[in-house]
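> Sequence first, then the predicted structure:
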Amino acid sequence: MASTQTWDPDRYAKNARFVAELGMPLVELLAPRQAERILDLGCGDGALTMKLAAMGCDVVGVDSSAPQIEAARKLGLDAWVMSAEALNYETEFDAVFSNAALHWVKRADDAIAGVWRALKPGGRFVAEMGGCGCVEKIRATLLAALARRGRDGKAADPWYFPTVEDYRARLERRGFRVDYIALLARPTPLPGDVTGWLETFAESFIKCVDEHGRKAFIAEVRDALAPKLRDANGTWIADYVRLRLSAIKPPAAR
Ligand code: BEZ
């Protein structure tokens, strides 16, 4: 089943601003230089793309969501609707940067092949995505709540959270030299109730339930997660695990 996830820029800004804010260590790993041509793959509403532009990079953003690209263009960015699995660039970029996007891409080899094509020889691919075990408590609770309704949520699961070994093998098979790849646990405080997170990121699961039952479904998932994810101060902390990587298209490659 294809993902039924959609992106509403206003909802995203309210519930997910932390995604870009927590992306700065990845920008540091990229270490962008003035006037470098950089592709921001899965740029969303362009919050991090703007940071790269402000650092003097010649940056292009792509995202599969038309509303998010519209929001990015309103910031004055050069941004295009394009899926990660069908990148349409040829030997053009000094670096491809991607934050919090590739765990939505099930055909990882197609995305990696597109990144390879888009890079100049010697270009770098610097990315962070959900890694093996990411939001496991949330995912298991969603699946259990669907199972109680007689639904198998696995077919609706939109996420791909790879291991280090899996993603490294894919990169190396395409020809990349992997300089760094690691899984990092990053418990992530949410800006509000987990309900906002679920409505923003778990739409594919929620849509498995009839429209009139969705409110109760979300409340049930929230209540089951409270003892697992809410701390003594009432802050919700999502069980994020990141896969962070830096890889090079060797200078002699074509
Ligand atoms: C993320 O943006 O990193 C993310 C989104 C949905 C599920 C897990 C992680």
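That came in fine, so what should we check first?

> Tell me which residue in the stretch 151-254 of the chain sits closest to the ligand.
Nearest residue of the stretch 151-254 of the chain to the ligand (C-beta to the nearest ligand atom) works out as F201 at 4.1 Å. Any C-beta I mention is one placed from the backbone N, CA and C, and that applies to glycine too.

> OK, contacts around that residue?
Going by C-beta atoms under 8 Å, 6 or more residues apart in numbering, F201 touches Q5, A16.

> For it, what are phi and psi?
For F201, the backbone dihedrals are phi -110, psi -20 (criterion: degrees, to the nearest 10).

> Look at it and report its pLDDT.
pLDDT recorded at F201 is 95.

> How about T4?
What the model reports for T4 is a pLDDT of 82.

> Tell me the spacing between it and Q68.
16 Å (C-beta to C-beta, to the nearest Å).

> likewise G131?
Using C-beta to C-beta, one gets 23 Å for the distance from G131 to Q68.

> so where's the stretch 1-150 of the chain shaky on pLDDT?
1-2 (pLDDT under 70).

> how about the helices in it?
9-15, 17-21, 24-30, 47-54, 66-74, 108-118, 136-148 (DSSP state H, counting those that start in this stretch).

> Which one of T4 and Q68 is surrounded by more residues?
Q68 (23 against 13; other C-beta atoms under 10 Å).

> mind listing the strands in the stretch 101-250 of the chain by residue range?
Taking DSSP state E, counting those that start in this stretch, the strands of the stretch 101-250 of the chain run over residues 119-130, 177-189, 237-248.

> could I get these as JSON lines with distance to V19?
What follows is the strands of the stretch 101-250 of the chain, written out as JSON lines (distance: least, C-beta to C-beta, whole Å):
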{"stretch": "strand 119-130", "distance to V19": "10"}
{"stretch": "strand 177-189", "distance to V19": "9"}
{"stretch": "strand 237-248", "distance to V19": "10"}
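
> Test my guess that P121 contacts P251.
Yes - counting by C-beta atoms under 8 Å, P121 touches P251, with 5.0 Å between them.

> Quick one: name the residues of the chain near the ligand.
Neighbours of the ligand within the chain, by C-beta under 6 Å from any ligand atom: V19, A100, H103, G130, C134, V135, W159, F201, Y240.

> Mind doing that once more with 8 Å?
16, 19, 100-101, 103-104, 129-130, 134-135, 138, 159, 161, 201-202, 238, 240, 242 (C-beta under 8 Å from any ligand atom).
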